[in-house]
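Pasting a predicted model and its sequence here:
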Amino acid sequence: MKNYRDVDCCNETRNVDLLLDRFKNERSFIIDHLMTQTSSFPSFIWSQMCPLSYDRFCHFSLGAEVKHRNLSPQRKYHQPSISQSFFKCPQCRNMGRLTTLTPDLIGKPFLLESGKCKSSSLVISKVPIDEPQCFWENPAPFLRLQHLLLGQKNLSSSSSSFLSVDSFTISFLIPWILEFQHLSTHFPLVYTSFICGDSGYTLSETVNPLCKLSHIPDFLSPVKENASSDNSLSEKKEYLKPSIILNLISQLCVLLLSCESLQFIHGDPNPAALGFVCKPCSYLWNGVEVSSPLTLKLTSLSHSSLVLPRPPVKKSSDSNDTSYHLISPSFISRTYLKKTPRLPPRFPIVSPSQVKSILNGDFFLDTTLSRNIYYVVRLTQENLETCYHLRQCGINILPCFDFYCLMVSLMLDPSIYKSVLHHSTLYNLWKELWLPEDLSELSNRILICQTSISSPTSFDILAILSNLHLREDALSHIWNSLSHINLLQK
C-alpha cells in the first residue's frame, strides 16, 4: 500500500471499491498499532509512518478553491518532513472520485454512484484544527481522583496510563476501535479522516438527526388528544409509533451495556449526539431480540473516552497489566483535575410493602426483602457539571449519567415525548426512572426546554436533571423491564 506522500499514491485507488478497501486497511493498520504498540502510538499517529493523509499546503481544500492561504512562517516551516502540495492533496483527489467537489460539499450528504456500496449515503465533515496532539498524561492527578471518588486504592502509575489526544483525532479513533471490536452497530461508520490545509476532514456514513423521525410517515401513528374546549371535537395528531420508541430505547440500552467492558464514556451527551439511519436493525442480545426498521446511532464523540481493549499476549509489545485510558478532555475539564469533589450522597428506595415504618427520615426495613432496594442520587447543577467534566477525563463517578442524559435527549423530541405520554407501556417504563414526586417537575422542565430552546446542549440536559433523584441501576433496570416486555409480546 503506497503512502499518501508518494507521487503516484492515487493510481491504486481509481476504483471506488479499491478506495474503500484501502480506507478499511488503513483503519485496521492504525488500530492494530494502537492495540499492540500503545506506548509508541503518540510518535506514530500523524507521522510519516501513519497511513493518514496530512497535507498542510493543499490549496484546493475539497473544492473551496482557496487561492491564497496566509501561513505564518512558523506553520510553513514547522514540519519540513510533511510533503508539500501546491494544488490537490491525495485525499482531495480521492474524494473527487466519490463525488463532485463543490464549495458547498461539507455537511451535504451524497450517494455513491458505483461499486459494492452503490447508493450508500456518505457525508464529509470538517473542523478547524491547529496541530493534532497525542501524548501521555501525568497519571498522578487522575489516580488521585480515582482513589478519592471511586475507591480504587491499589492503583499506581504503572497500572493505569492516560493517553490524551485532540478532539478531532478521538472522534475517529473511537469508532474505529469499536468497529474492530464488533461493537460498531450503533456508531457511525467512519471511512477515513485526514488533514488538509487548516482543517480536519472526516468521511463517514450519513446519520439523520432524530427530529427527522417525525417526517417519515411509516414511523407515525395518529393519536387523539382532548381539545381544550369541551364543545370541540378531539384533535388528531401524529406521533411516533410506540413500537419505534421501544426499539430506540432497546437499542440505546444495548449500545451502552455492550460498551461497559471498555468503560466507554460519552463526553457530551445531548440530543445532537443521537441520530438514526434508515437501515433495518435485527439481532439477539443477551437472549432479547432487537428488531427495528431503523438503526440508532450515537455520534459527537469528540470528547468521549474508553479503556483500550487488551490485545492477545503474543501480539502486544506492552505490559498486559496496564490499563490504557484514551481520553480527550477539554481545557475546562482539565481544571477539574485539581479540585477535590465529593461523591453525591446515596439514598435507599424501597417499595411501600417493604417499609415497616419511617421515623425522622430513617428507614426500618424487612431484611428478607432488602434485595429489592435500589439507590438513588440527587445532584445539584454544580455536582452534575463536575461529573460532566470529570467524565471527559475518563473518571466516571456516576455510571448512569450517559443513560439519563440520552433518555432525556430522546424525550426532548416532541413526537417521541407525546407518544410516551399517550401509551401506557411506554409511560410506565419512563416512570420507572424517577421518583413519583419528581415527575411533575421533570415534565415542566422538558416542556419548557422543548418550547424555548431550539438546540439543547448538554448543559441544558444537566439543568433538567438537577436536584432530581437518579437511579444508580437505571440502565440495567430498564433493560430488564424491556426484556420482560419482549417476552410478553411473543
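That came in fine, so what should we check first?

contacts and neighbour counts: CA atoms only from here.
Noted.

in the stretch 301-450 of the chain, what spans have low per-residue confidence?
312-320, 351-371 (pLDDT under 70).

if you set the cut-off to 90 instead, what comes out?
310-323, 340-375, 397 (pLDDT under 90).

Would you map the helices across the stretch 251-400 of the chain?
331-335, 381-392 (DSSP state H, counting those that start in this stretch).

Out of those helices, which is the most enclosed?
Ranked by mean neighbour count, those are led by helix 381-392 with a mean of 21 (mean count of other Cα atoms under 10 Å).

Figure out how far that one is from the centre of its chain.
When C-alpha coordinates are averaged (Cα atoms, centre = their mean, to the nearest Å), helix 381-392 and its chain have centres 17 Å apart.

helices or strands up against that helix?
Counting contacts by 3 or more Cα pairs under 8 Å, 6 or more residues apart in numbering; DSSP states H and E, helix 381-392 is packed against helix 331-335, helix 458-465.

If we use 10 Å, what do you get?
helix 331-335, helix 401-411, helix 458-465 (3 or more Cα pairs under 10 Å, 6 or more residues apart in numbering; DSSP states H and E).

Using PDB, write out every CA atom in that helix.
Output of helix 381-392 as PDB, limited to C-alpha atoms (Å, rounded to 0.1, in the frame of the first residue of the first chain):
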ATOM      1  CA  GLN A 381     -26.300  21.700  38.900                       C
ATOM      2  CA  GLU A 382     -22.800  22.200  40.200                       C
ATOM      3  CA  ASN A 383     -22.500  18.500  41.100                       C
ATOM      4  CA  LEU A 384     -23.700  17.500  37.600                       C
ATOM      5  CA  GLU A 385     -21.200  19.800  35.900                       C
ATOM      6  CA  THR A 386     -18.400  18.400  38.000                       C
ATOM      7  CA  CYS A 387     -19.500  14.900  36.900                       C
ATOM      8  CA  TYR A 388     -19.700  16.000  33.300                       C
ATOM      9  CA  HIS A 389     -16.100  17.400  33.200                       C
ATOM     10  CA  LEU A 390     -14.500  14.600  35.100                       C
ATOM     11  CA  ARG A 391     -16.100  12.100  32.700                       C
ATOM     12  CA  GLN A 392     -14.200  13.800  29.900                       C
END
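
who touches L210 in this structure?
By Cα atoms under 10 Å, 6 or more residues apart in numbering, the residues touching L210 are 271-277, 296-297, 409-410, 412-413, 415-416.

Could you single out the nearest of those to L337?
L337 has its nearest neighbour among those in A273, at 25.4 Å by Cα to Cα.

ok, that closest one touching S409?
Yes. Under the contact definition of Cα atoms under 10 Å, A273 touches S409, with a separation of 8.8 Å.

Mind listing the shared neighbours of those two?
210, 457-458.

Can you lay out those residues as a markdown table showing pLDDT and distance to N383?
As requested, these are exported to a markdown table (pLDDT from 0 to 100; distance: Cα to Cα, whole Å):
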| residue | pLDDT | distance to N383 |
| --- | --- | --- |
| L210 | 92 | 29 |
| T457 | 96 | 17 |
| S458 | 96 | 14 |
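
Quick check: which of the helices and strands packed on helix 381-392 is nearest to L220?
Among the helices and strands packed on helix 381-392, the nearest to L220 by Cα to Cα is helix 401-411 (15.9 Å).

buried stuff in the closest one?
Under the neighbour-count criterion of 16 or more other Cα atoms under 10 Å, helix 401-411 has 401-411 buried.

Skipping its backbone neighbours, what lies nearest T169 in space?
For T169, ignoring the flanking residues on the chain, the nearest one in space by Cα to Cα, 6 or more residues apart in numbering is P132 at 7.1 Å.

picking up where we left off before, which of the contacts of L210 fall in strands?
274-277, 296-297 (DSSP state E).

Could you identify the most distant pair in those?
Within the ones in strands among the contacts of L210, two members stand farthest from each other by Cα to Cα: L274 and V277, at 10.7 Å.

Could you tell me which residues touch both of the two?
By Cα under 10 Å, 6+ apart, L274 and V277 have these common neighbours: 186, 207-210, 296-297.

between the residues you listed, which is closest to D32?
If you rank these by distance to D32 using Cα to Cα, H186 comes first, at 21.8 Å.

For the stretch 1-150 of the chain, which segments are assigned as helices?
So, for the stretch 1-150 of the chain - with DSSP H, counting those that start in this stretch - the helices run 16-36, 41-44, 73-77, 90-98, 140-150.

Out of those, which is closest to P175?
Nearest of these (Cα to Cα): helix 16-36, 10.0 Å.

contacting residues around the nearest residue to Q91 once chain neighbours are set aside?
What sits nearest to Q91 in space, not counting adjacent residues and going by Cα to Cα, 6+ apart, is S53, at 6.8 Å. Counting by Cα under 10 Å, 6+ apart, S53 touches 3-5, 46-47, 82, 89-92, 192-196.

Now list the buried members of those residues.
3-5, 46, 82, 89-92, 192-196.

and the nearest residue in space to C387 that is not next to it in sequence, how many neighbours?
In space, and not counting its chain neighbours, C387 is closest to I397: 6.6 Å by Cα to Cα, 6+ apart. Neighbour count for I397, taken as other Cα atoms under 10 Å: 19.

List the residues that contact P344.
So P344 contacts 149, 376-380, 383-384, 387, 397-398 (Cα under 10 Å, 6+ apart).

for the residues you listed, which one is nearest Y427?
Nearest to Y427 among the contacts of P344, with distances taken as Cα to Cα, is V376, at 20.0 Å.

and the gap between that closest one and E472?
According to Cα to Cα, to the nearest Å, V376 stands 6 Å off from E472.

May I have stretch 467-479 as PDB, with CA atoms only?
Provided in PDB are the C-alpha atoms of stretch 467-479 (Å, rounded to 0.1, in the frame of the first residue of the first chain):
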ATOM      1  CA  ASN A 467     -32.000  18.100  42.000                       C
ATOM      2  CA  LEU A 468     -33.900  15.100  40.700                       C
ATOM      3  CA  HIS A 469     -33.300  11.600  42.100                       C
ATOM      4  CA  LEU A 470     -31.400   9.400  39.600                       C
ATOM      5  CA  ARG A 471     -31.400   5.600  40.000                       C
ATOM      6  CA  GLU A 472     -27.900   4.100  40.100                       C
ATOM      7  CA  ASP A 473     -29.100   1.000  38.400                       C
ATOM      8  CA  ALA A 474     -31.300   2.800  35.800                       C
ATOM      9  CA  LEU A 475     -29.700   1.200  32.800                       C
ATOM     10  CA  SER A 476     -29.800  -2.400  33.900                       C
ATOM     11  CA  HIS A 477     -33.300  -1.900  35.400                       C
ATOM     12  CA  ILE A 478     -34.800  -0.600  32.200                       C
ATOM     13  CA  TRP A 479     -33.100  -3.300  30.200                       C
END
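
Tell me the buried residues in that stretch?
Result for stretch 467-479 [16+ other Cα under 10 Å]: buried residues 467-472, 474-475, 477-479.

how about the nearest residue to P242, chain neighbours excluded?
S419 (6.6 Å).

elements contacting the helix or strand that contains that neighbour?
Following DSSP states H and E, one finds S419 within helix 414-422. Using 3+ Cα pairs under 10 Å, 6+ apart, the elements in contact with helix 414-422 are strand 220-225, strand 235-240, helix 242-258, helix 401-411, helix 424-431, helix 436-452.

for the residue nearest to Q91, phi and psi?
With angles defined as degrees, to the nearest 10, S53 sits at phi -80, psi 130.

ok, now how distant is it from P90?
For S53, the distance to P90 (Cα to Cα) stands at 7 Å.

Would you double-check that L163 falls in a strand?
Yes. Assignment of L163 by DSSP: H, G, I helix; E, B strand; the rest coil places it within a strand.

Where do the strands of the stretch 251-400 of the chain begin and end?
For the stretch 251-400 of the chain, applying DSSP state E, counting those that start in this stretch gives strands covering 274-277, 281-285, 288-292, 295-298, 306-307, 323-327, 346-349, 355-359, 362-365, 374-378.
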